[in-house]
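Asker: make a model of this:
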Amino acid sequence: MLKKVFIKTFGCQMNEYDSSKMQDILNKVHATSKTEDPKDADLIILNTCSVREKAEEKIYSHLGEYETLKKNNPNLLIAIGGCVASQEGQNILKRAPFVDLIFGPQTLHRLPDLLAKRKKAGISQVDISFPEIEKFDHLPIPTVSGSSAMVSIIEGCSKYCSFCVVPYTRGEEISRPLEDILAEVVHLTTLGVKEITLLGQNVNAYRSITKHGHPADLALLIEYISEIDTIERIKFTTSHPNEMTDNLIDCFGKFPKLATHLHLPIQSGSDRILTAMKRNYTVLEYKNIIKKLKKKCPDISISSDFIVGFPGETDADFELTKKIIQQIEFDFSYSFLYSPRPGTPASYIHDETPHEIKLKRLNELQFMNEAQGKTISHRMLGSIQRILIDGQSWKNPKEIAGKTDNNRVVDLKANKSFINQFVNVRITEVTSKRLRGEII
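Answerer: The predicted structure follows:
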């Protein structure tokens, strides 16, 4: 009998969302509770991500630890979900035959059925299929604690960038019906949710047809959610430059509830490298998007993703990336060394650039971006910011913390009764990536 479940989540916010849904499903069917200690668990789930280098090896490292737990407790069940499960499938059982369940991002709703089959047949169960929208039709009514919630609106990716494994592990882009999303958002407001983050691998590729037969996109969805009185802030992530339509850009000037922060990955400042990556836009086109965004919302904060050391990247290519970082003035962003993902087109490109040079470039880029992020933080000193208090500060349990519209964490000394409330604060101090403030 399942009582306690331990879920370890790797990767993006989509995986965080999926893990919460696994917990909801298991709680509904088996009345399970969540544990933070795998030693206390009846079921251990690794919700995996295959984006980073050596992702598979990290999973097998954790499995080695859990195999020992299973030897001591033969009734313990071990499951692998997420993108590595989708990518590796049956191969996982060759290296870790003690794993009981293997399921992909699109089949997490079948978890209770897989558990039942495992119990009845006594053998490991694998389901890494892509049953389109079925996942959302079978998820239980969401439960949340707090004033923020994530809502997945589109699954998969159809862009097929040459470096990315996501289209092969999560499938093609499938959008949820507009009415289903709105119904979930309304339900979340009854649980006290005031901030919604719309999720997707390429969230701004969202396209649907309303029940009246009219086309719907992310811009229309934002407009409808803005009309819900109890929702006070709307976010969306992660976006692709090719889907930043004029209608969506206009939202940043039309809807005050839309947060003034946008994560828009560019990956490189070199058109030659962007072509090799199959990103299907130029640096000039990306800059024009940013120009339009800043015209609609002068205070908008832009963060991005950068891949350093893509096969064939030259010093000249890297200098162009540095140039675009300076021109756009990106806020705190993410940057990584390129790592070949199995089966992707870029993994077959010969690369002669030494690792030491790539690492030097990465350090230089991160130093530049860190400095720009701090500059933006210092500009906020003395300003009045609206923040949503979401709980205690992890830096100091005696304090509370929340986030600004441009995604900065603010710590402040105040009564815990402010938790889950929007408040206006004056920024009094800048500390690394965090801010300090006082309630007005």
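Asker: among the helices and strands of the chain, which has the poorest mean pLDDT?
Answerer: The least trusted helix or strand in the chain, going by mean pLDDT, DSSP states H and E, turns out to be helix 134-137, with a mean of 72.
Asker: run through the neighbouring helices and strands of it.
Answerer: Packed against helix 134-137, as judged by 3 or more CB pairs under 8 Å, 6 or more residues apart in numbering; DSSP states H and E, are no other helices or strands. No exception for glycine: its C-beta is placed from N, CA and C like everyone else's.
Asker: and the contacts of it?
Answerer: Helix 134-137 is contacted by residues Gln106, Thr107, Leu108, His109, Ser152, Glu155, Arg176, Asp180 when judged by CB atoms under 8 Å, 6 or more residues apart in numbering.
Asker: gap between Lys398 and Val423?
Answerer: Lys398 sits at a distance of 18 Å from Val423 (criterion: CB to CB, to the nearest Å).
Asker: neighbour count winner among those two?
Answerer: Neighbour totals were compared for Lys398 and Val423, and Val423 leads with 18 against 9 (other CB atoms under 10 Å).
Asker: what residues are up against the more buried one?
Answerer: Val423 makes contacts with Arg386, Ile387, Ile389, Gly402, Ala414, Ile439, Ile440, as judged by CB under 8 Å, 6+ apart.
Asker: out of these, which end up buried?
Answerer: Ile387, Ile389, Gly402, Ala414 (16 or more other CB atoms under 10 Å).
Asker: assign the third one to helix, strand or coil.
Answerer: Assigned state for Gly402: strand (three-state reduction, DSSP: H, G, I helix; E, B strand; the rest coil).
Asker: correct me if wrong: it contacts Leu388.
Answerer: Yes. Using CB atoms under 8 Å, Gly402 is in contact with Leu388, at 4.9 Å.
Asker: how about stretch 93-113: buried residues?
Answerer: 93, 96, 99-111.
Asker: between these, which is nearest Thr190?
Answerer: His109 (22.7 Å; CB to CB).
Asker: can you tell me the SS state at that closest one?
Answerer: Using three-state DSSP, the structure places His109 in helix.
Asker: got a list of what it touches?
Answerer: Lys21, Ile25, Glu134, Lys135, His138, Leu139.
Asker: which residues does Tyr286 contact?
Answerer: The contact partners of Tyr286, taken as CB under 8 Å, 6+ apart, are Pro241, Leu264, Ile266, Ile324.
Asker: give me the subset of those residues lying in helices.
Answerer: Among the contacts of Tyr286, the ones falling in helices (DSSP state H) are Ile324.
Asker: for this structure, give me the ranges with low pLDDT.
Answerer: 52-54, 132-134 (pLDDT under 70).
Asker: which residues of it fall in helices?
Answerer: Under DSSP H, the chain gives helices at 13-30, 55-72, 82-88, 91-95, 111-121, 134-137, 166-170, 178-190, 218-226, 246-254, 271-276, 283-296, 315-328, 355-379.
Asker: show me what counts as buried in stretch 328-342.
Answerer: Ile328, Phe330, Asp331, Phe332, Ser333, Ser335, Phe336, Tyr338, Arg341.
Asker: now the last one: how far from Arg272?
Answerer: Translated: Arg341. Counting by CB to CB, the gap from Arg341 to Arg272 is 21 Å.
Asker: what does the fifth one give?
Answerer: The gap separating Ser333 from Arg272 is 21 Å, by CB to CB.
Asker: same question, the first one
Answerer: In this structure, Ile328 and Arg272 are 19 Å apart, going by CB to CB.
Asker: check contacts around the nearest residue to Ser377 once chain neighbours are set aside.
Answerer: Among residues not flanking Ser377 along the chain, Val430 sits closest, at 4.7 Å (CB to CB, 6 or more residues apart in numbering). Counting by CB under 8 Å, 6+ apart, Val430 touches Lys374, Ser377, His378, Met380, Leu381, Arg436.
Asker: so the fifth one makes contact with Ile427?
Answerer: What that stands for is Leu381. Yes. Between Leu381 and Ile427 a contact is recorded at 5.5 Å, counting by CB under 8 Å.
Asker: tell me which of these two has more neighbours.
Answerer: Ile427 (23 against 14).
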